[in-house]
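> What would the 3D arrangement of this be:
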Amino acid sequence: MTTSFPQTVRVMLVDDLPERAAIVNTHLVVAGYEVVSRLPTASGLLFQIEQHRPDIILIDLQSPGRDVLESLSVINAHNPTPVVMFSEEEDPGFIAEAVDAGVSAYLMGSFDAKRVKPVIDVAIAQFKSFQSLRQALDTTRDRLETLSTIDKAKSLLIKQHQFTEEQAHQQLRSLSMDSNLTMQQAAQSVVTILGKNN
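Numbering: from 1, shown residues only. Have a look, this model is predicted:
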């Protein structure tokens with residue numbers, strides 16, 4: 001399932017400088033974005049994201065702390081959303097933590113309101129690319145786990161019942177069809193039952 005974005009991108013702006021936030025807000029609207037929420041602090045960020053469901057989050061704070069990164073990690077795990085962070089923080093460790101927490105684009109310095117669209121476009125493109133990679137990785141991991149479970153079940157059937165590999169495979173297939181289970185579920189039940197005797 002690929003991540004798609006609506007024609008009008010909904011933006012959440014987190015900025016602790018009211019004057020700058022107002023300027024950025026204006027540029028976002030002029031550029032065709034819908035600003036669904038403007039927050040002066042990252043306090044309660046998770047709740048605000050749940051309420052507004054933005055398509056992208058722009059964060060420009062004087063000193064974004066570890067608590068902000070923790071909130072972003074939770075968002076990244078449960079409701080992945082592209083995030084652009086502007087910060088004066090030059091510590092490579094902090095930058096790495098920010099990226100690990102799900103920040104799609106980390107930019108040094110304050111938000112340049114005139115570059116709103118390209119920054120958001122790049123962040124969304126990077127986010128989509130990362131989500132595609134993560135989905136491919138999850139699919140591959142699931143496939144490998146399934147194959148591993150099936151191989152383990154076949155090995156137990158061969159060892160305990162002197163089946164050939166083909167017979168073991170047929171046994172799993174029959175169990176799968178008769179029990180209305182996937183091959184992995186059938187294999188897991190064989191591993192659970194025969195593994196105790198091994």
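
> can we go C-alpha only for contacts and neighbour counts from here?
OK.

> Show me where this protein has its strands.
Using DSSP state E, the strands of the chain run over residues 10-15, 34-39, 56-60, 83-87, 105-108.

> Can you pull the domain assignment for this structure?
The record's domain split for the chain, according to automatic domain parsing, is 10-111, 138-197.

> Could you count how many residues lie near the nearest residue to Leu17 once chain neighbours are set aside?
With CA to CA, 6 or more residues apart in numbering as the criterion, Leu17 has its nearest non-adjacent residue at 7.1 Å, and that residue is Pro40. Residues near Pro40, counting by other CA atoms under 10 Å, number 15.

> wait, what's in contact with Pro40?
Shown in contact with Pro40 (CA atoms under 8 Å, 6 or more residues apart in numbering): 14-18.

> now, which of those residues sits nearest Leu194?
Of all the contacts of Pro40, Leu194 sits closest to Val14, with 56.0 Å by CA to CA.

> my guess is that closest one meets Gln48, correct?
No - checked against CA atoms under 8 Å, the pair Val14 and Gln48 is beyond contact range at 10.6 Å.

> Count the residues that sit near Asn180.
Using other CA under 10 Å, Asn180 has 11 other residues around it.

> got it, and Thr26?
Thr26: 14 surrounding residues under other CA under 10 Å.

> Over to Val190?
Using other CA under 10 Å, the number of residues around Val190 comes to 21.

> Can you tell me how far it is from Phe47?
44 Å (CA to CA, to the nearest Å).

> Repeat that for Asp60.
Distance, Asp60 to Phe47, by CA to CA: 19 Å.

> re earlier: out of Val14 and Gln48, which sits in the more crowded spot?
Just comparing Val14 and Gln48: by other CA under 10 Å the higher neighbour count belongs to Val14, 21 against 16.

> What residues are bridge-paired with that one?
Counting by DSSP bridges, Val14 forms beta bridges with Leu39, Ile59.

> Let me see the contact set for it.
Applying CA under 8 Å, 6+ apart, we find Val14 in contact with 21, 38-42, 57-61.

> now with 10 Å?
The contact partners of Val14, by CA atoms under 10 Å, 6 or more residues apart in numbering, come to 21, 37-43, 45, 57-61, 85.

> Which entries within those meet the buried criterion?
Buried members of the contacts of Val14, scored by 16 or more other CA atoms under 10 Å, are 21, 37-39, 41-42, 45, 57-61, 85.
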